[in-house]
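>>> compute the structure for the input listed below.
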Amino acid sequence: MENLTNKQSGYKSSSFGRMSTQQIRATYQKDQVNITEPSILIRINQAFRYSMSPMELYDYTRGQWKLKKENAQKAKFGFAVYQGIIQEVYEILH
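As a prediction, the model looks like this:
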C-alpha cells in the first residue's frame, strides 16, 4: 500500500486543515475596506479552495453572477468573496 491518499478531503478541511501563512493572515488579520465604486460582491463559498488557479477562480466566479442585465451594467468591479474575505477583484468591461 504505497502512496495512499484520501479520495475526498475532510469535512471543512479548507477552514480547519493545513493552512499556508497567507491563508492564516487572510483569516485572522482582516482589513476592512471601503468600496466606493459601483461593484458586485459574488459569494464563492460553495466551491472555493485556496489551491485554485487564477483561471479556475475567475471561471467559477463569473459563473456565479446571477443579476439582471441592467443591474450588472451599472457595476465597474466584481469581487470574489469567500467567507467575507475578498479573494480577487475583477474589472467588468461589458
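>>> any regions of the chain where pLDDT drops low?
1-2, 4-17, 26 (pLDDT under 70).
>>> helices of that one, start to end?
Counting by DSSP state H, the segments of the chain that form helices are 13-16, 21-28, 54-63, 69-72.
>>> flag every buried residue along the third one.
When neighbours are counted by 16 or more other C-beta atoms under 10 Å, the buried residues of helix 54-63 are found to be Leu57, Tyr60, Thr61. C-betas here are computed from N, CA, C, even on glycine.
>>> and the helices of the chain: which comes nearest Ile40?
helix 69-72 (7.0 Å; C-beta to C-beta).
>>> residue contacts, Ala47?
By C-beta atoms under 8 Å, 6 or more residues apart in numbering, the contact list for Ala47 reads Tyr60.
>>> next, give phi and psi for it.
phi -120, psi 0 (degrees, to the nearest 10).
>>> quick check: it vs Gly63, distance?
Using C-beta to C-beta, to the nearest Å, Ala47 is found at 9 Å from Gly63.
>>> just the strands in this protein please.
39-43, 77-82, 85-91 (DSSP state E).
>>> switch these over to a markdown table; also include mean neighbour count and distance to Ser51.
What follows is those, written out as a markdown table (neighbours: other C-beta atoms under 10 Å; distance: least, C-beta to C-beta, whole Å):
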| stretch | mean neighbour count | distance to Ser51 |
| --- | --- | --- |
| strand 39-43 | 17 | 19 |
| strand 77-82 | 19 | 13 |
| strand 85-91 | 14 | 12 |
